[in-house]
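Novice: my questions concern the predicted model and sequence given below.
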Amino acid sequence: MSEQPRLVQVRQRVLKRNDVAAGMLRERFQEAGTFVVSLVSSPGAGKTAFLERVLRGLNGPFRVGAFVGDLATDNDARRLARSGAPVKQIVTGTVCHLDADMVTSALEGWRLDDFDFLFLENVGNLVCPASFDLGEALRLVLFSVTEGEDKPLKYPTIFNTADVAVVTKTDMAAAADFDARLAYQSIQAVRPGMEIFEASAKTGEGVGEFLEFLRERRSASRTEASGGALQST
Ligand SMILES: Nc1nc2c(ncn2[C@@H]2O[C@H](COP(=O)(O)OP(=O)(O)OP(=O)(O)O)[C@@H](O)[C@H]2O)c(=O)[nH]1
Ligand SMILES: [Mg+2]
């Protein structure tokens, strides 16, 4: 078929262009000392609920902000804004993922120097966001106890391209007959050694441990950026 190679070429061009834009973003984030974290998951896995908790937990001691991508509506931005952090909605229309150009445009009017942490909630989708680098320092994949323990095996790329997994909605684990051992096995099969957190945005359980991890990762990245000198915040 003549169509196939052309489609592949276009896709490669799009990804290459995105990689260049993401590389520029990563440099800007590093220069500003902004630790950027993206969140990916299936629709409804609990990104916004978890992120609202995270923003509330960091806002104050840290300067935090968030962008949130959705095909339509600004519902999530309004929910996240309840944390008191500045939030911007990116409406993607028909596009099933954020890309680096969208993040670059959303940054217009924001001074990166004003942020210690910037969070990027991607569109809920276990396929499209995997290939698009956003210049983030850390990518979280969230996976709720109601989704089925085999999801990492069925959608390996999204787990492979993430740094850390968060099992969400743990308050519902018993009701959902969630088999944690099986879920962990599935994650480790596609991404050996991946660090996994558990949290409930409903009860707040597990969120503190994750916040501690984020603070440590940010300080480690600052120490690395300064060539090993100690950082105080
Ligand atoms: N019981 C329980 N429900 C949760 C938890 N986290 C999220 N939910 C519920 O799950 C539903 C989806 O949560 P969202 O936070 O909107 O999920 P999302 O991943 O941001 O969804 P999209 O942005 O549409 O992909 C909502 O009804 C939440 O109230 C949790 O920890 N426990
Ligand atoms: Mg959401």
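Specialist: Good, I have the coordinates. Ligands and ions are numbered 1, 2, ... in the order given.
Novice: does the closest residue to Ser131 other than its chain neighbours count as helix, strand or coil?
Specialist: Once flanking residues are discounted, Ser131 sits nearest to Leu15: 5.9 Å by Cβ to Cβ, 6 or more residues apart in numbering. Glycine gets a C-beta too; all of them are placed from N, C-alpha and C. The three-state assignment at Leu15 reads helix, by DSSP: H, G, I helix; E, B strand; the rest coil.
Novice: just checking, Leu15 touches Ala100?
Specialist: No. Checked against Cβ atoms under 8 Å, the pair Leu15 and Ala100 is beyond contact range at 10.5 Å.
Novice: joint contacts of these two?
Specialist: Shared contacts of Leu15 and Ala100 (Cβ atoms under 8 Å, 6 or more residues apart in numbering): Phe132.
Novice: so those two - more neighbours on which side?
Specialist: Ala100 (22 against 15; other Cβ atoms under 10 Å).
Novice: quick one: contacts for the more buried one?
Specialist: Asn18, Asp19, Ala21, Ala22, Met24, Leu25, Phe132, Asp133, Leu134, Gly135.
Novice: try it again at 7 Å.
Specialist: Listed by Cβ atoms under 7 Å, 6 or more residues apart in numbering, the contact partners of Ala100 are Asn18, Ala21, Ala22, Leu25, Asp133, Leu134, Gly135.
Novice: likewise Ile158?
Specialist: Val40, Leu126, Ala130, Val141.
Novice: from Pro129, how far off is it?
Specialist: For Ile158, the distance to Pro129 equals 7 Å [Cβ to Cβ, to the nearest Å].
Novice: so which of the contacts of Ala100 is surrounded by the most neighbours?
Specialist: When neighbours are taken as other Cβ under 10 Å, the top entry among the contacts of Ala100 is Leu134 (27 neighbours).
Novice: in a strand, that's where it is, yeah?
Specialist: No. Leu134 is assigned coil when assessed by three-state DSSP, not a strand.
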